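Trainee: I'd like to go over a predicted model; first the sequence, then the structure.
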Amino acid sequence: MASRPDFSCQKHLFDIPEDVTYLNSAYMSPILKAGAVAGQQAVAGKMRPWQITVPDFFDQPARACTLMGQMIGAGAEDVAVIPSVSYGIAIAVRNLSLAPGQKIIVLADQFPSNVYPWQEMAKSHQAEVVTIPRPQDGDWTTGLCAAIDRDTAIVACPQVHWTDGSRVDLVRVGEVCRERGAALVLDLTQSLGVMPFSVQEVDPDFMIVATYKWLLGPYSYGFVYVAPRHQKGVPLEEGWIARKGSEDFARLVDYQPEYLPGAGRFNMGERSNFMMTPIAIHGLESLNNWGVKAIAGYLSGLTDIIAERARGMGLKVADKCHRAPHLIGLNFAGGAPEGLTAALAERQIYVSVRGDSIRVSCHVYNDLQDVDKLFSALEGIL
Ligand SMILES: Cc1ncc(COP(=O)(O)O)c(C=O)c1O
């Protein structure tokens, strides 16, 4: 049974019509109704800028960073606001060293925002990008750990593969990186919020996340965690708000050589983002209040049933020990049938196709009825 005593479906908090089965949070999640109200109030606020005060520039982003820190076991001062994963990875590239002949390791078919920057960095340093091939059984961790050697400068990977939800054991990867002297850069866009993660356990150099998928947040809003050992590094921008004393608007031209403490220097320009920050805060508060562990437990109940029913139809899925609680690829040997997502969308069922698989992703607004609806439709179409 999918529901657990410590968590139940939260569909009532979202504006999802009864006849819509949305199983596509890996593409983009809806924001909560209350998050939308907070966002609408913020948009209306910009019609009355005389009501936007100096503390508004600082308090809301600080709250967002506190909530992100709570989620990952870090302090608010270790977290900065960024607009995208690409931006966060660029910070990591700027602050990690790479010698000629060294390696950067990525996974096969990894999301491009976490591949292109490494390819460019390798090119300009006469280094090499090594790609871990996709494992048949869904176990990325063994191949990844075996490939990390003393010549590895950087490992850049996710917690969950974006195409099919096969997972990486980041605690193990973190241990191996430390043992062999490699830096670890994580893009947790497809897992943070619905899968437990702690910087205390993994000790990454940088952790980057966009909020518009699993964090129930807005588009163009994300976070970077910067390990204390990199907090004296070089930011991408030299904006006024990342400098010490920036809250004293009357003295901004008393130019300040010092940055904000912690990860403060890595904040993007205009990080105060009055319209989006309240939505991001609402998503993070909700997830932290529900508890990521409880959410993961609930979603893995649904995903287990999806896996069982997919196998019953002859589709291939990763074994439970290698798959995420919330995201699963249902693999068609020889490719997904042409027009399948469109045929499902006609029935108000939304999933994605990635490679030879349909990617089904559950969030807190899904329940067993959604799973039933998906499989009744698949049985009818196939
Ligand atoms: C794993 C992963 N990382 C990052 C992104 C988005 O990257 P960016 O913020 O650079 O647009 C996506 C979007 O699908 C993704 O799946």
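Mentor: Okay, I see it. Numbering: from 1, shown residues only.

Trainee: now do the buried residues in the helix or strand hosting residue 375.
Mentor: Assigned by DSSP states H and E, residue 375 falls within helix 368-381. For helix 368-381, burial by neighbour count (16 or more other Cβ atoms under 10 Å) applies to 370-371, 373-375, 377-378. Any C-beta I mention is one placed from the backbone N, CA and C, and that applies to glycine too.

Trainee: ok, now stretch 217-234?
Mentor: Buried residues in stretch 217-234 (16+ other Cβ under 10 Å): 217-218, 221-227, 230-231, 233.

Trainee: show the average pLDDT along that stretch.
Mentor: For stretch 217-234, the mean per-residue pLDDT is 98.

Trainee: quick one: the buried residues of stretch 217-234 as a markdown table, columns for distance to residue 165 and secondary structure too.
Mentor: Shown next, in a markdown table, are those (distance: Cβ to Cβ, whole Å; DSSP: H, G, I helix; E, B strand; the rest coil):
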| residue | distance to residue 165 | secondary structure |
| --- | --- | --- |
| 217 | 20 | coil |
| 218 | 24 | coil |
| 221 | 24 | coil |
| 222 | 21 | strand |
| 223 | 22 | strand |
| 224 | 24 | strand |
| 225 | 23 | strand |
| 226 | 27 | strand |
| 227 | 27 | coil |
| 230 | 30 | helix |
| 231 | 33 | coil |
| 233 | 33 | coil |
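
Trainee: which one of those residues is nearest the ligand?
Mentor: residue 222 (6.5 Å; Cβ to the nearest ligand atom).

Trainee: after the longest helix anywhere in the chain comes which helix or strand?
Mentor: The residue-count maximum for a helix in the chain (DSSP state H) belongs to helix 292-312. Using DSSP H and E, the helix or strand that follows helix 292-312 in sequence is strand 327-331.

Trainee: so which residues make contact with that following strand?
Mentor: For strand 327-331, the surrounding residues in contact (Cβ atoms under 8 Å, 6 or more residues apart in numbering) are 26, 160, 163-166, 190-191, 303, 306-307, 310, 315-318, 354-362.

Trainee: again with stretch 246-261
Mentor: In contact with stretch 246-261 (Cβ under 8 Å, 6+ apart) are residues 54-55, 57-58, 77, 231, 235, 240, 242-245, 265, 267.

Trainee: any of those buried? List them.
Mentor: By 16+ other Cβ under 10 Å, the contacts of stretch 246-261 give 57, 77, 231, 235, 242-243, 265, 267 as buried.
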